[in-house]
Structure formats: structure tokens, C-alpha cells
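S.K.: Just a sequence and a predicted model for now, questions to come.
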Amino acid sequence: MKLNKKLGFTLVELLVVIGILGILAAGLLATIDPFEQLKKGRDATLRNTVAELADAVTRYNADKGQMPWGTEDYAAAQMGAFYTDGYLSDLINIGELKAGFWDAAKGNAHRVYIGGSADTVSVCFDPESKAVRQDQNTRYGSEGSTLGDADIANCITSGLCFWCVK
């Protein structure tokens, strides 16, 4: 007598396995949150940009004995205005910043704010990601002023807190 055994899986078994894998993939996707990861990446890039710009202004001050804007206060302005005013061009021309700094940074220039006085500089950016909004350095206004406890509590939802290098 010959047995007729078929090797393989039935259609129902395959559908059950595919369904389980789909549920696991959806759960993993919700855990990872790819959009939040993209926001974190953009914020990391801006952290580097902000730190590089603050260092350049500090080096300029150490070398020239004054800030790029002179002895007056420089009210918080977006990085695009800093470029238009010529201060960023000056930092690039004297070698404090790389030649391609503006080209690399201009896509996010609207999120970066620069302010200062005759002897201080604050360079801040508006974070997108929840993780950076909860960071200890995200406790400032756009001009670099320290916020009160009530304002800090609203940072995650309001977007009114900035990450700063001072």
C-alpha cells in the first residue's frame, strides 16, 4: 500500500503565520517611530551647527577683541538674518567657519536664532523631536534667556523652548 503524503503547509497555516508577522511588524514600527527618529537626526545636525557657530563667534571675539556685531547688543535674529547682515559671511571669509557652512545650514536657518551682547553670544534652535525637547539644555527662549518652571513644563507641547549654546 502506497501512502500519499504531501510535504508543505496549507494555505490556512501560511495565512496565520503571515498575520502574526504583520502584527509583530506593526508593533515594532509603533515602538521605533521612524518619524521621531528622523526628527532626532535633524536635531542632532542642528546641535552641531549651533555649537559650531557659537564657537566661531567666540573665536572671533578672542581674536578681534569684539563680537562680529561690535559693542552693541545683537537682538535674537534667525540665522538667515545673521547671514544677510554679513556677520556669517565675515566668519566664513576669515576662516572661523568652513566655506560650505552656509550652504549646509541654510535649509534649517529658520530654526536657528542668534543673539548676544558686547561680550556674550547665545545660539539657539527650536527642536523638533520629543527627546531633545526634554533635554536639560532645552530650557531657554529664542534669545537665550532662561525660562521659568511654568514655561519649561510646557516645552514638549508648546514648542516655545529652545536648545541653546551660551
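M.R.: It's in.
S.K.: start to end distance for stretch 67-75?
M.R.: End-to-end distance for stretch 67-75, by C-alpha to C-alpha, to the nearest Å: 13 Å.
S.K.: ugh, wrong one, stretch 71-89
M.R.: By C-alpha to C-alpha, the extent of stretch 71-89 from end to end equals 19 Å.
S.K.: With stretch 97-110 instead?
M.R.: End-to-end distance (C-alpha to C-alpha), stretch 97-110: 19 Å.
S.K.: Repeat that for stretch 123-139.
M.R.: 13 Å.
S.K.: Return the set of buried residues in it.
M.R.: Neighbour-count burial for stretch 123-139 flags 123-129, 132-133, 137-139 (criterion: 16 or more other C-beta atoms under 10 Å). The way it works is simple: take the backbone N, C-alpha and C, and place the C-beta from them, glycine included.
S.K.: In terms of distance to Gly148, which of these ranks first?
M.R.: Set against Gly148, the nearest of these by C-beta to C-beta is Arg139 (9.7 Å).
S.K.: could you measure that closest one against Leu147, distance?
M.R.: Arg139 is 6 Å from Leu147, where distance means C-beta to C-beta, to the nearest Å.
S.K.: Can you name the next helix or strand after the lowest-mean-pLDDT helix or strand in the chain?
M.R.: One helix or strand of the chain scores below all others by mean pLDDT, DSSP states H and E: helix 155-158, with a mean of 64. The element immediately downstream of helix 155-158 (helix or strand, assigned by DSSP states H and E) is strand 162-165.
S.K.: List of residues touching that following strand?
M.R.: With contacts defined as C-beta atoms under 8 Å, 6 or more residues apart in numbering, strand 162-165 is touched by 43, 46-47, 50-51, 54, 113, 122-127, 132, 135, 137-138, 140-142, 144.
S.K.: do that again at 6 Å, thanks
M.R.: 50-51, 54, 122-127, 132, 137-138, 140, 142, 144 (C-beta atoms under 6 Å, 6 or more residues apart in numbering).
S.K.: Between these, which sits nearest Gln78?
M.R.: Comparing the contacts of strand 162-165 against Gln78 with C-beta to C-beta places Ser142 closest, at 8.9 Å.
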